[in-house]
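Undergrad: Quick one: sequence plus predicted model below, questions after.
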Amino acid sequence: MELLKTFLFLFALVDPIGTVPVYLEATKHFDKEARARIALKAPAIALGILLFFILAGQVILEGMSITLYAFQVSGGVILFLFALTMVFGTSKPDEEKQLITDYDHVTVFPLALPSIASPGAIMGVVMLTDNHLYSVKQQFITAVLTVLVLVVTVVILRYAGHVQSRIGGTGIIVISKVMGLILAAFAMQSILTGVKSYFSL
């Protein structure tokens with residue numbers, strides 16, 4: 001159950017379903033072979049970014065002398081605000097489509113960053129690999145699950161046209177908002193845990 005819970009949380013962070021319309025818009029001028037390469041390269045770049053923060057995020061935080069409680073609360077607040085934009089703001093596909101200005105470099109921007117490796121995803125993986133809360137084994141499992149989620153993202157993007165035709169634009173927006181609700185709940189739990197621990201409640 002813990003593995004499933006972590007996988008679903010990571011899936012909500014990356015939100016590959018919400019990336020489908022962005023991918024289709026970003027690759028509309030490319031042929032089938034080029035679209036297939038982008039569907040592979042964009043998640044691969046995003047994975048590199050997320051793994052970097054899994055490995056170096058804690059070092060950066062400790063170098064800045066940030067306490068566990070402060071990180072739990074601040075990270076939770078940032079993730080909560082990110083989740084609110086998913087729930088109440090402009091839908092992820094519509095917002096990120098507007099970022100497309102250079103179709104020659106869509107693999108990196110906006111597909112890899114910020115569509116797949118979003119600020120919320122980066123913050124989430126750092127929170128899931130905190131050295132004070134998780135063992136090396138647990139952190140390794142989180143890294144493996146992150147790889148698995150990105151593999152699923154590759155598959156979804158490769159069949160993006162079929163996904164969009166099956167679910168529809170409205171369905172994709174609804175799924176993205178549900179992902180936002182899941183993130184909001186996790187973020188609030190992190191905030192409450194940080195406050196409870198700091199005040200020894």
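TA: Structure's in. What do you need?
Undergrad: burial of the nearest residue to Val87 once chain neighbours are set aside, as a residue count?
TA: Residue nearest to Val87 in three dimensions, not counting chain neighbours: Gly180, with 4.0 Å by C-beta to C-beta, 6 or more residues apart in numbering. To be clear about C-beta, it is placed using only N, CA and C from the backbone, and glycine gets the same treatment. The tally of other residues near Gly180 (other C-beta atoms under 10 Å) stands at 23.
Undergrad: could you pull out the helices for the chain?
TA: For the chain, the helices defined by DSSP state H cover 2-14, 16-26, 32-63, 68-88, 92-97, 119-128, 136-158, 160-198.
Undergrad: Mind telling me which of those the model trusts least?
TA: Lowest mean pLDDT of the helices of the chain: helix 92-97, a mean of 72.
Undergrad: For it, which outside residues touch it?
TA: Helix 92-97 has contacts (C-beta atoms under 8 Å, 6 or more residues apart in numbering) with 15, 18-22, 25, 86, 89, 110, 114-115, 169, 172-173, 176.
Undergrad: of those residues, closest to Ala56?
TA: Distance ranking of the contacts of helix 92-97 against Ala56, using C-beta to C-beta, places Pro114 first at 18.9 Å.
Undergrad: ok, now which ones touch that closest one?
TA: Contacts of Pro114 by C-beta under 8 Å, 6+ apart are Glu96, Leu99.
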